[in-house]
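1. Have a look; sequence and predicted model below, questions after that.
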Amino acid sequence: MRKTKVSVHHERLQVSSEILRAIAHPLRMKILEFIDRNTEINVNKIYNTLGLEQSITSQHLRILRLAGLVDTERDGKYVHYSINYEKVGGTVEGVKRFLEKSRVLQK
């Protein structure tokens, strides 16, 4: 049996797990896809177009915002949401690196 030294950076692991947990929900993925198609959109358009309750939409947007996956900009009484592509891209790259390392270790 091969022993492999694994180095875990606990703070990064915590951040990564929060991001993946935020992405893992089907409704949040649907919201992210909708924001992506519209570049920037307010919460009213999101819940009206997707047929969701306002409170549920706001809860899911809060999770996405806390994970850093969406950015907000206030315009009067409206809050506009946009995708934080840098954070999303970093997450995708992190997952790719993890999968590549996992394949190497399995060989």
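-> Yes, it's here. None of these values were measured; they are calculated from a predicted model.

2. My guess is I35 contacts H80. True?
-> No: using C-beta atoms under 8 Å, I35 is not in contact with H80, being 9.6 Å away. The C-beta positions use only the backbone N, C-alpha and C, and glycine is treated the same way.

3. Neighbour count: the two, which is higher?
-> For I35 versus H80, neighbours defined as other C-beta atoms under 10 Å are more numerous around I35 (22 against 17).

4. returning to that earlier point: determine the residues that are contacts of both of I35 and H80.
-> Shared contacts of I35 and H80, defined by C-beta atoms under 8 Å, 6 or more residues apart in numbering, are found at I41.

5. Buried residues, the longest helix seen in the chain. List them.
-> Secondary structure of the chain per DSSP state H: the longest helix is helix 85-106. For helix 85-106, the neighbour count (16 or more other C-beta atoms under 10 Å) marks K87, V88, T91 as buried.

6. Leaving aside the residues adjacent along the chain, what's closest to the second one?
-> If I follow you right, that is V88. L69 (6.0 Å; C-beta to C-beta, 6 or more residues apart in numbering).

7. likewise the first one?
-> In space, and not counting its chain neighbours, K87 is closest to G68: 4.7 Å by C-beta to C-beta, 6+ apart.

8. got the contact list for the one you found?
-> Contacts of G68 (C-beta under 8 Å, 6+ apart): I19, N84, K87.

9. now it, what's its secondary structure?
-> coil (DSSP: H, G, I helix; E, B strand; the rest coil).

10. Could you tell me the phi and psi values at it?
-> Per-residue torsions, G68: phi 80, psi 10 (degrees, to the nearest 10).

11. Pick the one among the contacts of G68 closest to E40.
-> Distance to E40 across those (C-beta to C-beta) is lowest for N84, with 11.9 Å.

12. so the closest one sits right up against A67, yeah?
-> No: when contacts are counted by C-beta under 8 Å, N84 is not listed as touching A67 (9.2 Å).
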